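Q: Need coordinates for the following:
(one chain, ligands or ions: 1)
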Amino acid sequence: MRKDRKKSARKDLTFYERSYGFRPRYRILVDGTFISHIVEREATLEDVFHQALGSNGFVVYTSYCAVDELRALEKKEALLLADKGGIRRLDCGHKGKPENAHDCLLSLFEHITNVEDPDLDAVRAAGASGQDLPNTRGLCVATQDFQLRAKLRNIPGVPIFYMNGDRLIFERPSVVSTEYAKVRDAIVPGERDDDEEEKKHPVRLQPHKKKAVGANPLAVRKRKTGHADGSALIEKRKRKRVGKRGKKAGNDSD
Ligand SMILES: [Zn+2]
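A: Residues are numbered from 1 along each chain as shown. Reported below is the predicted structural model:
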C-alpha cells in the first residue's frame, strides 16, 4: 500500500516535470497552517519533504504575510521555525503592507485566470493564445487550509501538499492541471487556428500560417525554458515511444 502510494507520487511528480517544467530543486511554498502543523506534530520540514521528493532536493519558502499572520496569532514555536528553520522568504510584494495570508498566497498566481472560475474554457483560451505558463514561479504549495487547496486546484500546474497527521499527502494533479496540459500540448502553434481559418477563408491560409508560426517573443522565451508547446509535444511523443519499447523489452527478458 505504502509502496503504491510512493509510486503514484513519483508518477505525479513526473507529470509536473513533463507538462509544467518542474525541476529539482523543487520550490515549496508553505503557509502558516502548514508550519503550525509541522510544529504540532514535532516533525521537521526536512524529513517530511524528503520522504515525498527523495534526494532530488527542495527549497522551502514562505511569504512575509504568512509570517505576519503567525506573529498576529502569537504562534511562537511556528514563528521560530519560520525564522530559524531554514525557510526562505518569498517576496510576495506585500512587505510592510501585509495582506490576508490566504489572499497573499493566491496573489502569487493571480496573473492567469480567475481562480474562482473552474471553467475550462478560460484555461483553453489561455493555452490557445500562447500565454505564459500559469505557475510561472514553478511553486509547489503545502497548506492545511482546505479552502485554499480547493482554489489552487483551479490553477493549472500547482502541485499541492498537505499533512494527514504525520504523513505528507501529495495530491493527484487536479482536473484543471491535466486538462490544461492536454489542451496546450494538442495545440501545435498555428495548427488549430489554420484549420479553422481554412474553412472560413481558404485564400488567406498561407499568410496566416506564416504569421502564426513566426517569431513570437513569448514562444521563443518559452522554448528557452523548455516549455514551448510544439517541442513539449515532440518530446512527450519521443519519451512515450522509448518508454513502451523499454517496457516491452523488460517484459520479454522476464
Ligand atoms: Zn504577501
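
Q: what sits against whatever residue of the stretch 101-250 of the chain ends up closest to the ion?
A: Proximity to the ion, evaluated over the stretch 101-250 of the chain using CB to the ion, is greatest for Cys104 at 3.2 Å. To be clear about C-beta, it is placed using only N, CA and C from the backbone, and glycine gets the same treatment. Taking CB atoms under 8 Å, 6 or more residues apart in numbering as the criterion, Cys104 is in contact with 63-66, 92, 94, 98.

Q: Quick one: name the residues of the stretch 101-250 of the chain near the ion.
A: When proximity is defined as CB under 5 Å from the ion, the stretch 101-250 of the chain approaches the ion at Cys104.

Q: For the stretch 101-250 of the chain, give me the ranges with low pLDDT.
A: Counting by pLDDT under 70, the ranges of the stretch 101-250 of the chain that qualify are 110-134, 187-250.

Q: Please, which helix or strand holds the residue nearest to Thr44 when sequence neighbours are not counted?
A: Among residues not flanking Thr44 along the chain, Ile38 sits closest, at 7.2 Å (CB to CB, 6 or more residues apart in numbering). Assigned by DSSP states H and E, Ile38 falls within helix 32-40.

Q: quick revisit: looking at it, the residue nearest to Thr44 is touching Glu77, isn't it?
A: No - at 9.7 Å, Ile38 and Glu77 do not qualify as touching, with contact defined as CB atoms under 8 Å.

Q: who has more neighbours, the two?
A: Ranked by neighbour count (other CB atoms under 10 Å), Ile38 and Glu77 place Ile38 first, with 23 against 14.

Q: For the more buried one, give me its contacts.
A: Taking CB under 8 Å, 6+ apart as the definition of contact, the neighbours of Ile38 are 44-45, 48, 81, 163.

Q: Among the residues you listed, name the buried ones.
A: Of the members of the contacts of Ile38, the ones counted as buried by neighbours, 16 or more other CB atoms under 10 Å, are 45, 48, 81, 163.

Q: what would these look like in JSON lines with secondary structure and distance to Val30?
A: Compiled in JSON lines, the buried ones among the contacts of Ile38 are given as follows (DSSP: H, G, I helix; E, B strand; the rest coil; distance: CB to CB, whole Å):
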{"residue": "Leu45", "secondary structure": "helix", "distance to Val30": "7"}
{"residue": "Val48", "secondary structure": "helix", "distance to Val30": "10"}
{"residue": "Leu81", "secondary structure": "helix", "distance to Val30": "10"}
{"residue": "Met163", "secondary structure": "strand", "distance to Val30": "10"}
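
Q: quick one: which two of those are the most distant?
A: Of all pairs drawn from the buried ones among the contacts of Ile38, the one with the longest distance (CB to CB) is Leu81 and Met163, at 13.9 Å.

Q: so how far is Arg153 from Gly86?
A: The span separating Gly86 from Arg153 equals 28 Å under the rule CB to CB, to the nearest Å.

Q: Compare those two and say which is more crowded by neighbours.
A: Each of Gly86 and Arg153 had its neighbours counted (other CB under 10 Å), and the higher figure belongs to Arg153 (19 against 12).
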